[in-house]
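Chemist: Structure of the sequence below:
(one chain, ligands or ions: 1)
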Amino acid sequence: MTVNNIDNLLHETRRFPPSDEFAEQAVATRELYDAARADREGFWADQAKTLLHWHKPFTQTLDWSNPPFAKWFDDGELNVAYNCLDRHVEAGNGDRIALHWEGEPGDDKSFTYAELTAEVKKAANLLTALGVKQGDRVAIYLPLIPEAVIAMLAVARIGAVHSVVFGGFSAESLRSRIDDAEAVLVITADGGYRKGKAFPLKPTVDKALENDADGNPSTVKNVLVVERTKGDVDWQHGRDLWWHDEIAQVDAEHVAKPFPAENPLFILYTSGTTGKPKGILHTSGGYLTQVAYTHKNVFDLKPETDVYWSTADVGWITGHSYVVYGPLANGATEVIYEGTPDTPHPGRWWEIIQKYKVSILYAAPTAIRTFMKLGRQIPQQFDLSSLRLLGSVGEPINPEAWVWYRDVIGGGTTPVVDTWWQTETGAIMISAMPGVTTLKPGSAQVPVPGVSIDIVDERFRTTEPDQGGLLVVTQPWPSMLRGIWGDDERFVETYWSKFGPTTYFAGDGARYDKDGDIWLMGRVDDVMNVSGHRLSTAEIESSLVSHPMVAEAAVVGASDETTGQAVVAFVITRASQADAAAHEDAANVLRAHVAAQIGAIARPRQIFIVAELPKTRSGKIMRRLLRDVAEGREIGDTTTLADTMVMQTISKSMR
Ligand code: WTA
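Modeler: Model (predicted):
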């Protein structure tokens, strides 16, 4: 974040107290804070008991005897899918719509809770028939179609573990995730729709499952293929199976068995500071408790009347916690949409809100800023009067975007809740409560009741107001990650070593204001945030240097008006290839190379071919200086550079 932005934020004085009308009907009240303060663990135990069905009640809330390895509700047993499906049907709500699915080409389909339950039961039987057992890992590589939700819940229902891989990731990224988790099954589709076109997925899976460079086969035994685009697919007999053929042959009945609260539910890979993505592990009881609790209270959910829409893809944590598990555990009616916001026209989102009378919308600041640029005349063509609450997630939302969101989308009346959390935290950690908190545009504000957050300096002292510091979580929370798949050491080292084994280090910078509200200031490590998606500088650097043309590479996240940050790379090419006239070509080749290796989201916005990179005397690349260059700023302090002339060389070579 630039100095300028911080200045602006310090001067943000607009305040939005909840209206009496909203406060009177709000789910979350001040008492929630009192209860959590009086007895934190007791508070979570109450939430777990009231929000979920336990086949076997727990007697112990938290086991923190071996930090940072936590166990929540450890002796309890539940079935996550039963909690999201059957129990709503048994309670007489089988006719309530669970999912309104909207495909990008305009096809649609709705599922009641009874119908969704029936689909998941069949899918659970199918997985069992394919030999998938409790604890086995299943990779899911699907577009946002109903089968994505059905597949996740079916895996959960039989106590297996899903690893959803975003459909935009490359074959190589998919393979490395399959290998790391040793997945036995991949669930995919022939393709999906994006930007008005069918994009194929099955060929990517085929490529991912080829023997690797050392001749090793993958761990995958079967590939289940959902028919979506009816595009041509290659078929490996014995391995590949059509979802619709198989599902037609299985039993419709399936009884959900209870599993221990700490049974693994899913692995979700996310970028860290090294080149290798981390498999973040979440388990069942604590995770489901906190996602249901936050979904209900932060979004003020009235399941009988609300229509909720989170625009996230299931490939990200928001899609796990606030498309699948939170809303369905709460018996909500929700919308899911397969495609891009501007297809076939730039008002597509607003059309969907009008069509389904969406009352709660949860989206990312990048999207809001894009719509802002397009102008208010687009949303104004649609009836958005059903909206009563707006949420934001993924990156800091600047006050201008916040106010635009409330005014133009929310008709000037809806609360906007800015929710801070991470793949690792599993559920929302910092957010206003819409009926209680006086809202401040740009600030995520306060920890949700039951969560303990602090901002500290390097010596673990709470920072003074307006002093930047490091965001930490000081008490364990139910939906906390339980580990990094297969790498306890990295888990401890990454999150629990900076301030000792009981303090979670989030990797975000933050500050308090004079009222004690929290303002997020971006990552303090080499993780970038592009359009609300996490990318690792190291991962993109290692992709660049894997290209024969590249000798050395440095990647920075440069601030970008729309996407928050953008990937900018500085590359030294090998001497023989360093023909100046070919720079532009080289940059394009390398951008395509990164997109093919990692996925389109990682494609650098710009690549600069340079002669040298700025390094300290100990050889560390000074990304701070490259960021200055990438953002067009005056170059900062260069005195620690080994070669103080290098920045001039770089600036010159960019002109
Ligand atoms: C950033 C997404 C500011 C932050 C749920 C965090 C935010 C990372 C916010 C996690 C917010 C997320 N304000 N920054 N409201 N929400 N972030 O794992 O840097 O994809 O560490 O989880 O996004 O990204 P992840």
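Chemist: ok, now which ones touch D454?
Modeler: Contact partners of D454, counting by C-beta atoms under 8 Å, 6 or more residues apart in numbering, are 462, 471-472, 474. The way it works is simple: take the backbone N, C-alpha and C, and place the C-beta from them, glycine included.
Chemist: Quick check: the farthest pair among those residues?
Modeler: Using C-beta to C-beta, the two most remote members of these are T462 and L471, lying 11.7 Å apart.
Chemist: any common contacting residues for these two?
Modeler: Among the neighbours of T462, those also in contact with L471 (C-beta under 8 Å, 6+ apart) are 454-455.
Chemist: quick one, which of these two is more surrounded?
Modeler: Between T462 and L471, counting by other C-beta atoms under 10 Å, L471 is the more crowded of the two (25 against 12).
Chemist: In terms of pLDDT, where does the more buried one sit?
Modeler: Looking at L471, its pLDDT reads 98.
Chemist: quick one: it from A312, how far?
Modeler: Taking C-beta to C-beta, to the nearest Å as the measure, L471 falls 22 Å from A312.
Chemist: circling back to that earlier point, which ones among the contacts of D454 map onto helices?
Modeler: Among the contacts of D454, no member falls in helices (DSSP state H).
Chemist: Which one of those is nearest to the ligand?
Modeler: Of all these, L471 has the smallest distance to the ligand: 8.2 Å, by C-beta to the nearest ligand atom.
Chemist: how about low-confidence regions in this protein?
Modeler: Within the chain, the set of residues satisfying pLDDT under 70 comprises 1-11, 575-581, 653-655.
Chemist: Near the ligand, which residues of it are found?
Modeler: Neighbours of the ligand within the chain, by C-beta under 6 Å from any ligand atom: 270, 316-318, 393-396, 418-423, 444, 506-508, 520, 523, 529, 534.
Chemist: what do you get if the cut-off is 8 Å, keeping everything else the same?
Modeler: Where the chain comes near the ligand, counting by C-beta under 8 Å from any ligand atom, the residues are 270, 316-318, 392-397, 418-425, 430-431, 444, 506-508, 520, 522-523, 527, 529, 532-534.
Chemist: now the helices for the stretch 1-150 of the chain?
Modeler: Assigned by DSSP state H, counting those that start in this stretch, the helices in the stretch 1-150 of the chain fall at 3-10, 20-25, 30-38, 40-51, 80-84, 86-88, 113-129, 146-157.
Chemist: Count residues in the vicinity of D643, would you?
Modeler: Taking other C-beta under 10 Å as the definition, D643 ends up with a neighbour count of 12.
Chemist: you'd agree it is up against E612?
Modeler: Yes. In this structure D643 lies within contact range of E612 using C-beta atoms under 8 Å: 7.3 Å.
Chemist: How about the residue of the stretch 151-300 of the chain found nearest the ligand, nearest residue that isn't a chain neighbour?
Modeler: For the stretch 151-300 of the chain and the ligand, the shortest gap (C-beta to the nearest ligand atom) falls at T270, measuring 5.2 Å. Taking C-beta to C-beta, 6 or more residues apart in numbering, and ignoring the residues beside it in sequence, T270 has T423 as its nearest neighbour in space, at 4.3 Å.
Chemist: ranges for the strands of the stretch 451-600 of the chain?
Modeler: Under the criterion DSSP state E, counting those that start in this stretch, the stretch 451-600 of the chain carries strands at the ranges 453-456, 469-473, 483-484, 504-512, 518-523, 527-530, 533-536, 550-560, 564-573.
Chemist: Just give the closest residue to L185, not the sequence neighbours.
Modeler: Of all residues apart from its sequence neighbours, V138 sits closest to L185 (C-beta to C-beta, 6+ apart), at 4.7 Å.
Chemist: Show me what the one you found bridges to in the sheet.
Modeler: With DSSP bridges applied, V138 shows beta-bridge pairing to H162, L185.
Chemist: distance of it from R376?
Modeler: From V138 across to R376, the span is 44 Å (C-beta to C-beta).
Chemist: which stretches of the stretch 151-300 of the chain form helices?
Modeler: Assignment of helices within the stretch 151-300 of the chain using DSSP H, counting those that start in this stretch yields the ranges 171-181, 202-208, 243-247, 285-298.
Chemist: How about the stretch 251-400 of the chain: which residue is closest to the ligand?
Modeler: Of all residues in the stretch 251-400 of the chain, P396 sits closest to the ligand, at 4.0 Å by C-beta to the nearest ligand atom.
Chemist: and the residue lying closest to that residue once chain neighbours are set aside, how many residues sit next to it?
Modeler: Take P396 and drop its neighbours on the chain: the residue closest to it by C-beta to C-beta, 6+ apart is L520, 5.0 Å away. Residues within reach of L520, counting by other C-beta under 10 Å, total 22.
Chemist: which residues touch L520?
Modeler: Residues in contact with L520, defined by C-beta under 8 Å, 6+ apart, are 396, 420, 430, 444, 471, 508-510.
Chemist: of all the residues you listed, which two lie farthest apart?
Modeler: I430 and G509 (13.6 Å).
Chemist: neighbour count winner among those two?
Modeler: I430 (24 against 18).
Chemist: How about the contacts made by W44?
Modeler: Residues near W44 by C-beta under 8 Å, 6+ apart: 61-62, 72, 289, 450, 478.
Chemist: Same check on L209?
Modeler: In this structure, L209 makes contact with 175, 178, 186, 217-218, 220, 223, 239, judged by C-beta under 8 Å, 6+ apart.
Chemist: same thing but 6 Å
Modeler: Going by C-beta atoms under 6 Å, 6 or more residues apart in numbering, L209 touches 218, 220.
Chemist: Was I right to think A329 contacts C84?
Modeler: Yes. If you go by C-beta atoms under 6 Å, A329 and C84 touch, sitting 5.2 Å apart.
Chemist: So between the two, which is more surrounded?
Modeler: When A329 and C84 are compared on other C-beta under 10 Å, the one with more neighbours turns out to be C84, at 30 against 24.
Chemist: Identify the residue nearest that one in space, chain neighbours excluded?
Modeler: Residue nearest to C84 in three dimensions, not counting chain neighbours: L328, with 3.7 Å by C-beta to C-beta, 6+ apart.
Chemist: Give me the spatial nearest neighbour of the residue of the stretch 551-655 of the chain found nearest the ligand, chain neighbours excluded.
Modeler: Distances between the stretch 551-655 of the chain and the ligand by C-beta to the nearest ligand atom are smallest at G564, namely 8.8 Å. In this structure, G564 finds its nearest non-sequential neighbour in E395, 4.5 Å apart by C-beta to C-beta, 6+ apart.
Chemist: related to what we said a few turns ago, tally of neighbours for the residue nearest to L185?
Modeler: By other C-beta under 10 Å, neighbour count at V138 equals 27.
Chemist: Now do it against F58, distance only.
Modeler: The spacing between V138 and F58, counted by C-beta to C-beta, is 27 Å.
Chemist: Spell out which residues make up each domain of this structure.
Modeler: Per the record, the chain has its domains at 39-340, 454-485+503-523, 527-653, by automatic domain parsing.
Chemist: now the helices for the stretch 351-500 of the chain?
Modeler: Using DSSP H, counting those that start in this stretch, the helices assigned to the stretch 351-500 of the chain run over residues 365-374, 399-404, 488-495.
Chemist: and the angle for the first one with strand 550-560?
Modeler: Think helix 365-374. Using axes from the mean of the first three to the mean of the last three C-alpha atoms, to 10 degrees, the interaxial angle of helix 365-374 with respect to strand 550-560 works out to 60 degrees.
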